[in-house]
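Asker: what's the 3D shape of this:
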Amino acid sequence: MNMNEGFSVQCAAPPPATLRFARLSGPVPAARPTLCEVFPDTAVDAAAVGFVLSHLPGGVAPVLWVQDRLSRLESGLPYLPGLGARPVIRVEVNRPVDVLWALEEALRCRALVMAIGEVWGAPRALDFTASTRLALRAERYGVPCWLIRRAAPADLSAARGRWRVGALPSAVHPHDPGAPGDPRWRLELFRARDAPPGTWVATHERAADRVDLVAASGDGAVEQDHGTDRQRAAG
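Answerer: Residues are numbered from 1 along each chain as shown. Reported below is the predicted structural model:
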C-alpha cells in the first residue's frame, strides 16, 4: 500500500467526560475473539455502530477504528466520547483494500481490545480469502474484529457471525406518550458457527444503562412480554 496516499492515523486520548455504552450479553455467536460482520438495514443507520460498541469489554485498552473514504463521507466519523475512558486509534484510508490491510496488521497487536472496520459496498478486495485471513488472524491473536458493511449484500464470507441490524421505533416514554422513549434495534443473526440463527429486539434502557434483548415474535411484531424471555446485561 502507498503510505503517502489517502492514509492518516489519529490517536485520541480518553475524553474528559467519559460516557459508557451499556454492554449486552446473549446471542453472541462465538465465545472466542473472531471476525463478525454487521449489515445495517440502511447504509447510514447508526444502530450498527451501537450494536458493535455494545460488545466492548470493560477496561481502558485501546480500540482501532478504520474507515474507508465513502464510509466517512456518508456516515460520518466515530463519536469518540461514546467509547468511554479508552484511547482510540482512528485510521482514515481511501480504499477498502487499505481497510483490510490495516485491520490484518493491527490484529497482531494483543494490546488492542477490538478492531473495527467500516467498508462501503462490495469491493472485490473483500472476498472470501480476505475475510478468512481476518478471521484466522483475530482468532490467533485473541483480538475481536468487527466489519460494518454499509450498502453491501451479504455475499460469501468467512465471518464466524453475520448480523443484520436496523433501528426500530423507540419504546413508549414512561412520562409522555408523545415523546420518544428508549431507543430500540432489530437484531438478526443469520449466520454463525457456534450459535443458531435468531432475531431479537434490543432496547437500550438509559436509566438502568443496560441493553435488554427480547426474542422477536413469529409474526414479526415486537413481543409485549418483557419478563422471563428477556436477557439482561448489566452496564
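Asker: and the longest helix anywhere in the chain, what does it pack against?
Answerer: Counting residues, the longest helix in the chain under DSSP state H turns out to be helix 128-141. Under the contact criterion of 3 or more CB pairs under 8 Å, 6 or more residues apart in numbering; DSSP states H and E, helix 128-141 touches strand 35-40, helix 96-106, strand 145-150. Every residue, glycine included, has its C-beta placed from N, CA and C.
Asker: immediately after the longest one, which helix or strand?
Answerer: Which is helix 96-106. strand 114-120 (DSSP states H and E).
Asker: give me the sheet partners of that following strand and which way each runs.
Answerer: Partner strands and pairing direction for strand 114-120 (DSSP bridges) are strand 63-67 (parallel), strand 145-150 (parallel).
Asker: ranking the ones you listed by mean neighbour count, which comes first?
Answerer: Comparing the strands paired with strand 114-120 by mean neighbour count (mean count of other CB atoms under 10 Å), strand 145-150 comes out on top with a mean of 26.
Asker: helices or strands up against the following helix or strand past that one?
Answerer: Once strand 145-150 ends, the next helix or strand along the chain (criterion: DSSP H and E) is strand 161-168. In terms of contacts (3+ CB pairs under 8 Å, 6+ apart), strand 161-168 is packed against strand 35-40, helix 47-53, strand 184-192.
Asker: sorry, back to before: the helices and strands packed on helix 128-141: which one's closest to R133?
Answerer: Taking CB to CB, helix 96-106 is the member of the helices and strands packed on helix 128-141 nearest to R133, at 5.9 Å.
Asker: which residue is nearest the middle of this protein?
Answerer: For the chain, the residue nearest the mean C-alpha position is V52 (2.1 Å; CA atoms, centre = their mean).
Asker: quick one, grab the pLDDT at that one.
Answerer: You'll see V52 listed with a pLDDT of 89.
Asker: so it touches L147, yeah?
Answerer: No - counting by CB atoms under 8 Å, L147 is not a contact partner of V52; they are 9.3 Å apart.
Asker: can you list residues touching both of those two?
Answerer: Jointly contacting V52 and L147 under the rule CB atoms under 8 Å, 6 or more residues apart in numbering are V38.
Asker: list the contacts for the residue nearest to the centre of the chain?
Answerer: Contacts of V52 were listed using CB under 8 Å, 6+ apart, and they are 38, 116, 146, 148.
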